[in-house]
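Trainee: would you be able to build a 3D model of this:
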Amino acid sequence: MNLTPAQSQIAIDRHRYRVVVAGRRFGKTTLSAWEMFAKAVATDDGRITYMAPTYSQARDIAWNELKKVCNQLAVNVNESRLEITIKNRHGNTSQISLHGWESVETMRGQKYDMLVLDELSNMRNFWSSWQEVLRPALTDRKGEVLFIGTPNGFNHLYDLYNMENDPVRGSDYKSFHFTTYDNPFMPVEEIDKAKKELTEDKFAQEYMADFRKMEGLVYKEFDRKMHLVDTLPELTVETLGGVDFGYRNPTAIITVKKDYDGVYWVTDEWYYAEQTEDKVVDIVKNKKFNKVYPDPENASAISSMEKAGINLRPVTKGKGSIVSGIKRVREMFKANKLRIHKSCVHLVQELESYAYPEWSPEKNADELPIGKDDHLLDALRYVIMTDATDNSSVAPKAHYSNQVRRYGNSRVNFNRMQ
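Mentor: A predicted model of the protein is given here:
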């Protein structure tokens, strides 16, 4: 098997983390299969895993290609578990297995020599699973990762692609960008035909591997350069909390500090699945919010928060509330009155993936977005759309200006003055 010139550039690179952003039909699956085979042969008792967004995708995308590549050295092929055991050059065996991202938690506590993460853009809640499950699984064996994907907005694939420029972590990363045209086995006329048939943005994303905002994006006004910050104001009026309850889906708690110019600063996010009601109440109470805006549909959790002495503010949720809330958040982005700290990676991911259903000429355009990847956005919306009409504001700007003058140049947080 001869790799294409573009595939060869990736294969010979020795960085621990290689990030490949490529157009459709570039040859990512073939490259992945040969990379895993080579690692298994070279490693004594090697443990190599390929992951796609779902188990069925892993099987459909990579299984047949992997079996073909490993055929001559395969000792055992387990069709039901999608595992192949092969001979390695040390006279022992190594194992290659396929998994779906939905079962990433089962990999907790395991040890791997290599991971291949394919269709990376479609892996939900990537950063928490990477930091808590996968990165620790590479520690014992100093494992490497091949990250592969086609862009889908500015999400975690975009962040990984730019990681090589990070002054602290970048030395382990190498990024590659290739288009469908870089596969010499793809007919150029067929790619050109697709270019005429698809929208400009869709062709640029799928074939040219270009990072662009998703079509139908809800919060298209959000701009990383304008709205993401790495410093926060020293003086704030009050600290607000938004809560979107969940269990199988993550519970989302967002911290928003409001300054005396009416700018909202998102400073922190809490985003975990399968958390008990008591745990959530304790988290909210310990954050010492001045006011909390919770999802009104969880009566039990709201009652527990009230008993805990948390200052809850009513959130209206009903017909038209989502549309009007989205409109309010978009207005805040337009006016540059909403800033987000760079540490809120899950919120940024949701902002860059929350979209309306694809438009069809057979029906009217949907007013409501697709109801997924929106938990922190819901929590943010509860705060932004409700706080402006909340009459329980603490004190006017003049009061705080006088306080600042009284305290001189000392660094004083307005929350301490209440």
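Trainee: residue ranges with poor pLDDT in the stretch 101-250 of the chain?
Mentor: For the stretch 101-250 of the chain, the stretches with pLDDT under 70 are 213-215.
Trainee: quick one, helices of it?
Mentor: 126-129, 135-137, 156-161, 188-197, 200-206, 224-227 (DSSP state H, counting those that start in this stretch).
Trainee: which strands and helices lie in contact with the first one?
Mentor: Spelled out, it's helix 126-129. With contacts taken as 3 or more C-beta pairs under 8 Å, 6 or more residues apart in numbering; DSSP states H and E, helix 126-129 sits against helix 345-351. C-beta here means a position set from N, CA and C on the backbone, and glycine is covered the same way.
Trainee: and the average pLDDT for the helix it packs on is what?
Mentor: Average pLDDT, helix 345-351: 89.
Trainee: quick one: contacts of it?
Mentor: 125-128, 155-156, 159, 219, 222, 224, 228, 252, 254, 266, 269, 271, 340, 342, 373-377, 380 (C-beta atoms under 8 Å, 6 or more residues apart in numbering).
Trainee: next SSE after it?
Mentor: helix 375-387 (DSSP states H and E).
Trainee: and that next one, average pLDDT?
Mentor: 93.
Trainee: name the helices or strands packed onto that helix?
Mentor: Here helix 375-387 touches strand 238-244, strand 251-258, strand 264-272, strand 291-294, helix 321-334, helix 345-351, going by 3+ C-beta pairs under 8 Å, 6+ apart.
Trainee: just how off-centre is the fourth one within its chain?
Mentor: In other words, strand 291-294. Strand 291-294 has its C-alpha centroid displaced from the chain centroid by 25 Å (C-alpha atoms, centre = their mean, to the nearest Å).
Trainee: counting by contacts, list what it packs against.
Mentor: Right, strand 291-294 is packed against strand 238-244, helix 299-307, helix 375-387 by 3+ C-beta pairs under 8 Å, 6+ apart.
Trainee: quick one: closest of the helices and strands packed on helix 375-387 to E190.
Mentor: Evaluated with C-beta to C-beta, those place helix 345-351 nearest to E190, the distance being 33.2 Å.
Trainee: so which bits of that closest one are buried?
Mentor: Neighbour counts over helix 345-351 (16 or more other C-beta atoms under 10 Å) mark 345-351 as buried.
Trainee: in contact with L66, which residues?
Mentor: Going by C-beta under 8 Å, 6+ apart, L66 touches 33, 36-37, 50, 84, 96, 98.
Trainee: measure Q7 to L157 for me?
Mentor: Distance, Q7 to L157, using C-beta to C-beta, to the nearest Å: 19 Å.
Trainee: show the end-to-end separation of stretch 301-312, please.
Mentor: End-to-end distance for stretch 301-312: 11 Å, by C-alpha to C-alpha, to the nearest Å.
Trainee: show the average pLDDT along it.
Mentor: 93.
Trainee: walk me through the domains of this structure.
Mentor: Using automatic domain parsing, the domain ranges for the chain come out as 5-206, 224-398.
Trainee: return the distance of the shortest one from the chain's centre.
Mentor: Using C-alpha atoms, centre = their mean, we find the averaged C-alpha position of domain 224-398 to lie 17 Å away from the chain's own average C-alpha position.
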